[in-house]
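>>> can't give you the sequence, but here's the structure:
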């Protein structure tokens with residue numbers, strides 16, 4: 001399977017899990033939650049049947065900018081979001097305008113940047129958070145499957161490394177039930193090793 005066949009949450013999709021700003025229908029929200037970079041369209045469609053999601057759930061999430069197909073790593077293209085009050089014509093041309101401007105970035109120390117209203121600040125340990133988040137999400141999707149839905153909800157609510165670390169024993173308990181104690185114990189050791197000092 002090629003990476004391009006997999007679906008990933010965009011930053012907007014991750015925010016939607018946290019703040020529910022779009023008030024998605026339950027089935028659509030459930031599919032958004034299950035998009036984790038480990039499932040392709042066929043696997044997501046199987047889940048949609050079990051969750052009674054609309055046939056075009058994946059397409060709806062893509063159009064809303066909540067998920068994307070392909071690479072979700074640091075090199076992924078940024079999602080261009082237009083303000084809610086922007087006219088439809090401006091929204092249609094936003095990505096083209098963003099691509100047309102090529103400017104050399106100015107290096108400004110983070111402490112000199114003004115706080116923007118509604119801006120999301122990146123924690124200092126974001127690298128550790130991302131590694132641990134990916135490691136836990138991978139285990140939930142691979143070994144807990146649809147039964148891991150509620151566990152994935154808990155993972156999505158973790159906004160920092162400490163919250164993820166606090167959740168690890170609960171994930172290990174679920175892995176013990178799904179696999180066995182030895183597997184879960186080894187997974188827990190590896191998960192904690194994902195956090196580098």
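Received it, and whenever you're ready, just let me know what you need. Since the structure is predicted, the reported quantities are computational estimates derived from the model, not experimental observations.
>>> Please name the strands paired to the helix or strand where residue 7 lies in the sheet, noting orientation.
Residue 7 belongs to strand 7-9 when elements are defined using DSSP states H and E. Each strand that strand 7-9 pairs with, and the sense of that pairing, follows from DSSP bridges: strand 67-69 (antiparallel).
>>> May I see the buried residues of the strand it pairs with?
Of the residues in strand 67-69, those scored as buried under the neighbour-count criterion (16 or more other C-beta atoms under 10 Å) are 67-68. Using the backbone N, CA and C atoms, a C-beta is placed for each residue, glycine as well.
>>> Residues contacting that strand, please?
Strand 67-69 is touched from outside by 4-10, 13, 32, 35, 41, 58, 61-62, 76, 79, with contacts defined as C-beta atoms under 8 Å, 6 or more residues apart in numbering.
>>> Can you say which of those residues are buried?
When neighbours are counted using 16+ other C-beta under 10 Å, the contacts of strand 67-69 contain these buried positions: 6-10, 13, 32, 35, 58, 61-62.
>>> ok, so of these, who is nearest residue 21?
Of all those, the one sitting nearest residue 21 is residue 13; the distance, using C-beta to C-beta, is 11.4 Å.
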